[in-house]
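[1] Sequence first, then the predicted structure:
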Amino acid sequence: EAQVTQNPRYLITVTGKKLTVTCSQNMNHEYMSWYRQDPGLGLRQIYYSMNVEVTDKGDVPEGYKVSRKEKRNFPLILESPSPNQTSLYFCASSPGGGIYGYTFGSGTRLTVV
Amino acid sequence: GDSVTQMEGPVTLSEEAFLTINCTYTATGYPSLFWYVQYPGEGLQLLLKATKADDKGSNKGFEATYRKETTSFHLEKGSVQVSDSAVYFCALSDNSGNTPLVFGKGTRLSVIA
């Protein structure tokens, strides 16, 4: 089944403890992206990647890192999480952006205490 | 920059009522337009899309027409069901493929029996 898989689904962590949220897609898509969803703010893009080793900042990149060492994986790294990064995170992939639209993962609910 | 504005929710309808969720956009050029749906506890799913002016996207009884003259992409359904209860997001993407999805803030729909 074609899908975007994120792990974990739920995570509670403490301020300052480094964490990684994994994202993997099995559709050989070029484009991958991370979004966060917050009440009243909708979805905002954190980082995106148009190909292996090509990443760029979205609207809210502060406090996050990403890497794209292989086409299928696009992990989101929080080096020193803070409570304002408590949010629902979505990974998404697309064959080429634009007219193709994106396939989304099921989400990761992160709580930083 | 590009932006999407959609009607504030929540919207509450009785089963079999007619649904309209308004969406207007601001963009340079001619973007592709999308409606995504998020059911409770799940990720976003592509509901329908339109890639050029006057195109009509349709799926599961939902329709939306790309109106360039009014920069709109309103979502409609003739007879809603309880199972349509979800959050609906309007989004656009630059057809060049170099820019990510830009989302509206979402409209929560509740359908009561």
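    Cool, got the structure.
[2] Those residues of chain A touching chain B, which are they?
    Residues of chain A lying close to chain B (Cβ under 8 Å from any Cβ of the partner chain) are A:4, A:31, A:33, A:40-45, A:48, A:50, A:58, A:90, A:92, A:96-99, A:101-107. Just so you know, the C-beta spots here come from the backbone N, C-alpha and C atoms, and that holds for glycine as well.
[3] Buried subset of those as a ChimeraX selection?
    Under the burial definition 16 or more other Cβ atoms under 10 Å in any protein chain shown, those of these that qualify are selected in ChimeraX by:
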select /A:4,31,33,42,43,44,45,48,50,58,90,92,97,98,99,101,102,103,104,105,106,107
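[4] Next step: the residues of chain A next to chain B restricted to strands.
    Among the residues of chain A next to chain B, the subset assigned to strands under DSSP state E consists of A:4, A:31, A:33, A:42-45, A:48, A:50, A:90, A:92, A:103-104.
[5] any idea which of those residues is least confident?
    When those are compared on pLDDT, residue A:42 comes out least confident, at 86.
[6] Correct me if wrong: it contacts residue B:102.
    No. With contact defined as Cβ atoms under 8 Å, residue A:42 does not count as touching residue B:102 (9.7 Å).
[7] burial measure for residue A:9, as a count.
    For residue A:9, the neighbour count with other Cβ atoms under 10 Å in any protein chain shown is 11.
[8] Chain B: strands as residue ranges?
    With DSSP E as the definition, chain B shows strands at residue ranges B:3-6, B:11-14, B:19-21, B:23-26, B:32-38, B:44-50, B:56-59, B:62-65, B:75-77, B:86-93, B:102-103, B:107-112.
[9] Which other helices and strands does the fifth one contact?
    Using 3 or more Cβ pairs under 8 Å, 6 or more residues apart in numbering or on different chains; DSSP states H and E as the contact definition, the elements that strand B:32-38 packs against are strand B:23-26, strand B:44-50, strand B:62-65, strand B:86-93.
[10] rewinding a little: pull the most distant pair out of the ones in strands among the residues of chain A next to chain B.
    Greatest spacing in those, by Cβ to Cβ: A:42 and A:50 (22.9 Å).
[11] quick one: residue A:74 and chain B, what's the gap?
    Computed with Cβ to the nearest Cβ, to the nearest Å, the distance linking residue A:74 and chain B is 13 Å.
[12] how many other residues sit next to that residue?
    Around residue A:74 there are 30 other residues, counting by other Cβ under 10 Å.
[13] if I pick the nearest residue to it once chain neighbours are set aside, what's in contact with it?
    Leaving out its chain neighbours, the residue that sits closest to residue A:74 by Cβ to Cβ, 6 or more residues apart in numbering or on different chains is residue A:32, at 4.0 Å. For residue A:32, the residues meeting the contact criterion (Cβ atoms under 8 Å, 6 or more residues apart in numbering or on different chains) are A:23, A:25, A:48-49, A:68, A:74, A:91-94.
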